[in-house]
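Student: have a look at this prediction, sequence included:
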Amino acid sequence: MDIFPISLKLQQQPCLIVGGGKIAYRKAVLLSQAGAIIDVLAPDIDPALAEIVMQTAGQHIALSYPADIKLKQYRLVIAATNVAEVNRQVFLDCETNHVLVNSVDDPPHCRFMVPAIIDRSPLVISIASNGTSPVLSRQIRTQLEAAIPYGMGKLAEFSGKWRSRVKEVIVNPDERRIFWEELYASPLKEQVFNDRLTDAEQLIEQALSTWKTPKGEVYLVGAGPGDPELLTLKALRLMQQADVVIYDRLVSGPILELCRRDAEKVYVGKARSNHAVPQEGINALLVKYAQQGKRVCRLKGGDPFIFGRGGEEIEELFAAGIAFQVVPGITAASGCSAYAGIPLTHRDYAQSVRFLTGHLKEGSPELPWSELVYENQTLVLYMGLVGLEKICERLIEHGQRPDMPVALVSKGTTPEQKVVIGTLADIVSKVSEHQIQAPTLTIIGEVVRLREQLQWQ
């Protein structure tokens, strides 16, 4: 994050605009809507801008910059002239005086940015791109304008009037958050939107009088193979409302960023032979937090029920009498193969697909080798990178031809995705040659030949 978003309270605060033209007018409109007192420093001033200055009880200082003016008296300054050198000097002088300054359309000479704004007062939403793409910010604002009902402002104002009362009744802040979330999911929203405020007040009074401390719950959420756009809508909703997020190393950074920002985040690791928290410890954590009344998101890479040990975790939850939900995710086999341009089944090459774990047990993968040597079948191995040499050897020993195509998909669906193609006979030598690292998915079968034609990433 290159900029820190804040919301300034400018009611009755003096602000200065250097420049008197159309650009200065547009900035003055926003400042006046925020209740600022606006002074304009410019030899000449646009009539519409002059009217705003008068309405805010500001003054027009009919001088050119620099002028004998004390910048320290202003909360913020906007440089909006059509002369770059003047705007730059305004920036330098404001920096010297520790005054917030924005030089219009000149990001290097800005201490703050003016974002694209969605006004549903008292609810205000801003979109900023650190000055890199204001047109994109405005396009996003247009999309959000259509998606956010105008009545959200009424709802925010209504909620503000009840905030103190709710705080008195529900002391615990985590419980209060749950109370408001449940209330906003009730008919309250429509009642406020349609100005049925008496009905809305009765509903909130009833909700307060019947409120009980909520029981904890666990969400087993599949985070998919890495691309955040592959998350399901339900996964995103539960990630946003969880009080605690317990995640492992297969959850990508961009996906973790989509969780509720103030949620407690607990890393439980789980790399090969190096578990930050063993499975029994993870199970105990889920139970502990849920028994505290927390909403716990167990965020797993891929799908919880495909080599994700989700079944073990919900067995523990069931035994402890804790409510849970399971949200499927796109498993690595389908996600990584799709992004690599390798269909797992194809009428001409493979009529079946098998998902296997290549995880070593006592130094050797335990797999039903004789069942795996079948020409029109695709094999997909999770966690097979370390045991790859033994896997290739065993398949060849049991009759698979050495020239059977093999694909390694490392960090699939992410910007770091790397795909290496080989055969059972030579794929092991290519691991070090191409510096393939975990997590890596191994695909074995004739379908791998299609990548050359179908790759799109």
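Tutor: Sure, I can see it.
Student: can you name the next helix or strand after the longest helix along the chain?
Tutor: Ranked by number of residues, the top helix in the chain under DSSP state H is helix 152-169. Per DSSP states H and E, the first helix or strand lying C-terminal to helix 152-169 is helix 173-184.
Student: go through the helix or strand just after that following helix and flag the buried ones.
Tutor: Heading C-terminal from helix 173-184, the first helix or strand you meet, by DSSP H and E, is helix 188-193. By neighbour count on 16 or more other CB atoms under 10 Å, the buried set for helix 188-193 is 188-189, 191-192. All C-beta atoms are positioned from the backbone trio N, CA, C, and that covers glycine.
Student: and residue 253, what does it touch?
Tutor: Neighbouring residues of residue 253 by CB atoms under 8 Å, 6 or more residues apart in numbering: there are none.
Student: roughly how far does residue 70 sit from residue 37?
Tutor: Between residue 70 and residue 37 the computed distance is 15 Å (CB to CB, to the nearest Å).
Student: the more surrounded of these two?
Tutor: Between residue 70 and residue 37, counted using other CB atoms under 10 Å, residue 37 has the larger neighbour count: 20 against 7.
Student: phi, psi of the more buried one?
Tutor: Note on residue 37: its backbone torsions stand at phi -90, psi 120 [degrees, to the nearest 10].
Student: test my guess that it contacts residue 57.
Tutor: Yes: with contacts counted by CB atoms under 8 Å, residue 37 reaches residue 57, the gap being 5.6 Å.
Student: off-centre distance for stretch 230-246?
Tutor: Using CA atoms, centre = their mean, to the nearest Å, the distance from the centre of stretch 230-246 to the centre of the chain it belongs to is 10 Å.
Student: flag every buried residue along that stretch.
Tutor: For stretch 230-246, using 16+ other CB under 10 Å, the buried residues are 230-232, 235, 238-239, 242-246.
Student: please apply the same query to stretch 304-318.
Tutor: 304-308, 310, 313-314, 316-317.
Student: repeat for stretch 250-264
Tutor: 250-252, 255-256, 259-260, 263.
Student: straight-line length of that stretch, end to end?
Tutor: 18 Å (CA to CA, to the nearest Å).
Student: tell me the confidence at the residue lying closest to residue 379 once chain neighbours are set aside?
Tutor: Nearest residue to residue 379, sequence neighbours excluded (CB to CB, 6 or more residues apart in numbering): residue 444, at 4.2 Å. On the pLDDT scale, residue 444 is placed at 98.
Student: measure how buried residue 444 is and give me the count.
Tutor: 26.
Student: can you give me phi and psi for it?
Tutor: Per degrees, to the nearest 10, the backbone of residue 444 is at phi -120, psi 120.
Student: so what sits opposite it in the bridge?
Tutor: residue 379, residue 406 (DSSP bridges).
Student: residue nearest the centroid of the protein?
Tutor: Closest residue to the average C-alpha location of the chain: residue 258 at 2.6 Å, with CA atoms, centre = their mean.
Student: is residue 166 in contact with residue 179, as I believe?
Tutor: Yes: taking contacts as CB under 8 Å, residue 166 lies within contact range of residue 179: 6.6 Å.
Student: how about the strands in the stretch 351-457 of the chain?
Tutor: In the stretch 351-457 of the chain, the strands defined using DSSP state E, counting those that start in this stretch lie at 352-357, 377-382, 405-410, 418-423, 440-444.
Student: for residue 297, helix, strand, or coil?
Tutor: Secondary structure, DSSP: H, G, I helix; E, B strand; the rest coil: residue 297 is strand.
Student: how near is it to residue 229?
Tutor: On the measure of CB to CB, residue 297 and residue 229 end up 19 Å apart.
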